[in-house]
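> no FASTA, just this:
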């Protein structure tokens, strides 16, 4: 920070900060790299996660290649990566691939793109605050992602890479001798998880404080957009669940490096090594891990749900159907989310009586999810929609979420889960949630808030083409996974066709791989659209979607400090098509009852 | 026209999904091999699966019809007619909270008996409790099996006259049998796809697992919990013998394994 660093806005909301919106210059480094501006940090998160999304996607394509054409030469990359094994993917490399695919997608893409990119960018803008409560903490939250990326990246170069799956169950992940991938790479992987956790934790503290303390005058809790509610609930989830994962990670590091025995029982002989001593219990890791990672599933979904609600309401020109039920159902999902972790462990060997309680809690979590779906349908009902990229991606979100939610009931039911646990049915389920729902939600968000981020519009035709190809590729890849699961194909098999009862599934797997390649290729369009529109995009007006939210009152893109004057909030964000307003079909939150519309409307 | 194309595009996929799902049994993408479970408990699991499939299928079709309908009407609204100004409907909210809630509760409680039968020791079938045939000890990447000598009971500790096998578990058909599942290294999972049985093997625990092969024959046994690079190779089989031949078979195995030149006592 140089001497040019401005005094930070002092964070009381009753004072105007308009002077801060202009007139101070910053060097390139403080403005774009070590920035404390929440918008720059959000955009940094966005670009980083899009980059990592491509890496995670490349891992996924390699996995799909192996499942469709087991032990054949990879095209293009065989020389570079697989020369030692004759251009083929070895089983130990395959375990590393799916481990890192899961790790990158969950910890470095989905969680940071929702909370990091959109949470950061939108929270202050949508509640009318000049910045986050703790701008420097916010900056650190971004920069703590890089040590994590470094740890994960470095771990790939150790023998085998981390290869215990993204869940890293001990004993496999606890003992160096357990597998080629259980060497130092696994310790690096655990350190990476710790860094990601620290990063999210700093973010979540910041979001909670900002939302509680820095709302602009008139922005009561029940006038907040659902995006903010979702971010708030997500931040609470993270704050309570993350410490458990961090503690578990440190315990596992201690087991690996310092000879403790939290997770390692006595008398285990792995790979003809010395028998272990000590009296740990490997199930403890599963309990601790899923105590975080089940709420994490909602951390990966709730923000998208909130943002979809806002976008659907705006695109349908209609108030959100059941604003309060939406909030209550999100809270119920979050609350129940803490007592359902055991459904990942039905057949793990834990006390079977727990299976029953976890089953009831898990099945009941389908209820708030169903309420949300009904309310989204209710929001479209009687609306006035136009099919643009945002609408299409949002509708795809609802449709895909229905599939992902319904398939969840199968595995929530313990007896059925006995059979489908650890088969491709599970893989289908969570890809419908994380890709089908969350990622389509993110595509919609990018298109919707891009004008606010960069002051330019994204291309509609490109966006639609990207949507069509991704939608076809996505369903072609993931829908057949349900069938594979029912046919009994287990996850994480480098070559399932060794087993006679799975041989006939090869053509289906090949079809899925072609779909996946289509889906992967379609993301090139996303890149062209995101980066090309920076240069060629049409200049965006302040409020291109005629939306009510506070963020559209600020200039596009908003300057440091966001608003020219502190916005005063008079009503909730969903007053579309109100009969009281005859001149236009939206009613921005900042406009008082009687106002001549011409002063604030934009073309 | 454009509007029609988008509605078609968004709504053709649930139609395709339903068609593909209905064709699944014919295309043999469904339950493995014959499509029928090879054990009575598996039959109950299939029954529960189909029950959930029907309920979720109806909900899937219903919500998508509703979604298609609202999209259709919302995109066909004349330009001068505004959207319907409503913030929701309390009665509707109550209806779509209570009805799904009751269905879900019913589903949850309806599952419990089968789960208890499979996993709660009090609810095991009597025959399964008495008929403990073997200890299955998993390791990277094979299944080691220890049988008690004919006429003896399986002991926790290996006995001098125990019999050993690898990757072939011999059981009698037509009656419930129990195995004791252990692992000597990492977690594994004992997965009989055609019998719908799965149970993780946990280091430090001995977990009883019972199953019943309805017919004599060979059934695949695979590992379903990631156990290292060779996880996919842990294929084995359960061989179910006709009950009347099973004792004879075990005796022969005992003779073969203890045929060391000394006379029996």
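Yep, it's here. What you are looking at is a predicted structure, and each value in this text was computed from that prediction instead of being measured.

> Could you check how many residues crowd around the residue nearest to residue A:518 when sequence neighbours are not counted?
Sequence neighbours aside, residue A:473 is the residue nearest to residue A:518 in space, at 4.0 Å (criterion: Cβ to Cβ, 6 or more residues apart in numbering or on different chains). In short, each C-beta sits where N, CA and C put it, glycine included. Using other Cβ atoms under 10 Å in any protein chain shown, residue A:473 has 21 neighbouring residues.

> Tell me which other helices or strands whatever helix or strand residue A:473 lives in touches.
Using DSSP states H and E, residue A:473 maps to helix A:460-486. On a contact count with 3 or more Cβ pairs under 8 Å, 6 or more residues apart in numbering or on different chains; DSSP states H and E, helix A:460-486 meets helix A:389-412, helix A:424-431, helix A:440-454, helix A:506-536, helix B:2-27.

> Show me the one of those that comes nearest residue A:209.
Residue A:209 lies closest to helix A:440-454 among those, at 22.7 Å (Cβ to Cβ).

> For that closest one, enumerate the helices and strands it packs against.
helix A:38-68, helix A:120-127, helix A:302-315, helix A:389-412, helix A:460-486, helix A:506-536.

> Distance check, the residue of the stretch 1-150 of chain B found nearest chain A against residue A:177.
Closest approach between the stretch 1-150 of chain B and chain A, counting by Cβ to the nearest Cβ: residue B:84, at 3.2 Å. Separation of residue B:84 from residue A:177 (Cβ to Cβ, to the nearest Å) stands at 66 Å.

> same check, this time on residue A:227
From residue A:227 to residue A:177 the distance is 48 Å (Cβ to Cβ).

> I'd assumed residue A:182 was in contact with residue A:159.
No - with contact defined as Cβ atoms under 8 Å, residue A:159 does not count as touching residue A:182 (9.7 Å).

> Give me the more crowded residue out of those two.
Comparing residue A:159 with residue A:182 by other Cβ under 10 Å, the one with more neighbours is residue A:182, at 28 against 12.

> Model confidence score at the more buried one, please.
According to the prediction, residue A:182 has pLDDT 82.

> Contact residues of the stretch 1-150 of chain A facing chain B?
With Cβ under 8 Å from any Cβ of the partner chain as the criterion, the stretch 1-150 of chain A meets chain B at residues A:90-92, A:94-95.

> Highest neighbour count among these?
Busiest of those [other Cβ under 10 Å] is residue A:95, holding 28 neighbours.

> State the distance from that residue to residue A:162.
Taking Cβ to Cβ, one finds residue A:95 at 9 Å from residue A:162.

> now residue A:582
On the measure of Cβ to Cβ, residue A:582 and residue A:162 end up 62 Å apart.

> And the two? Which one has more around it.
residue A:162 (29 against 9).

> what are the phi and psi angles of that one?
Taking degrees, to the nearest 10, you get phi -70, psi 130 for the backbone angles of residue A:162.

> That one is in contact with residue A:99, isn't it?
Yes - at 5.3 Å, residue A:162 counts as touching residue A:99 under the criterion of Cβ under 8 Å.

> list residues touching both of these two?
Residues touching both residue A:162 and residue A:99 (Cβ atoms under 8 Å, 6 or more residues apart in numbering or on different chains) are A:168, A:181, A:189.

> burial of the second one, as a residue count?
Going back to what we said before, that points to residue A:181. 26.

> Residue A:96 is in contact with that one, correct?
Yes - between residue A:181 and residue A:96 there is a contact under Cβ under 8 Å: 5.8 Å.

> Quick check: neighbours shared by the two?
By Cβ under 8 Å, 6+ apart, the residues touching both residue A:181 and residue A:96 are A:160-163.

> and the two most separated of those residues?
Across those (Cβ to Cβ), the longest gap, 7.9 Å, separates A:160 and A:162.

> Return the residues in contact with residue 137.
No chain in the question, so chain A it is. So residue A:137 contacts A:202, A:205-206 (Cβ under 8 Å, 6+ apart).

> Chain B, not that one
Contacts of residue B:137 (Cβ under 8 Å, 6+ apart): B:143-146, B:182-184.

> Weed out the non-buried ones from the residues you listed.
The neighbour-count test (16 or more other Cβ atoms under 10 Å in any protein chain shown) applied to those identifies B:143-146, B:182-184 as buried.

> Could you point out which residue ranges in the stretch 501-603 of chain A have low pLDDT?
By pLDDT under 70, the low-scoring segments of the stretch 501-603 of chain A are A:593-603.

> likewise the stretch 1-150 of chain B?
In the stretch 1-150 of chain B, residues with pLDDT under 70: B:1.

> Do a quick rundown of the strands in it.
B:132-139, B:142-147 (DSSP state E, counting those that start in this stretch).

> for the stretch 1-150 of chain A, what spans make up the strands?
According to DSSP E, counting those that start in this stretch, the stretch 1-150 of chain A contains no strands.

> Now residue A:283. Nearest residue, chain neighbours left out?
residue A:350 (5.8 Å).

> What number of residues are in the vicinity of that neighbour?
Count around residue A:350 with other Cβ under 10 Å applied: 18.

> average model confidence for stretch A:414-429?
94.

> ignore the last one, stretch A:223-243
Stretch A:223-243 comes out at a mean pLDDT of 95.

> Could you check which of residue A:227 and residue A:177 is surrounded by more residues?
residue A:227 (27 against 16).

> give the contact list for the residue lying closest to the more buried one once chain neighbours are set aside.
What sits nearest to residue A:227 in space, not counting adjacent residues and going by Cβ to Cβ, 6+ apart, is residue A:306, at 4.3 Å. Residues near residue A:306 by Cβ under 8 Å, 6+ apart: A:225-231, A:330.

> Give me the most central residue, chain B.
residue B:196 (3.3 Å; Cα atoms, centre = their mean).

> Make sure that residue is actually in contact with residue A:420.
No - applying Cβ under 8 Å, one finds residue B:196 not in contact with residue A:420, separated by 9.1 Å.

> Would you map out the domains in the chain?
By default, I'm working from chain A. A:44-265+A:276-289, A:301-538, A:539-603 (automatic domain parsing).

> actually it's chain B I care about, not the one you picked
B:2-76+B:90-121, B:128-257.
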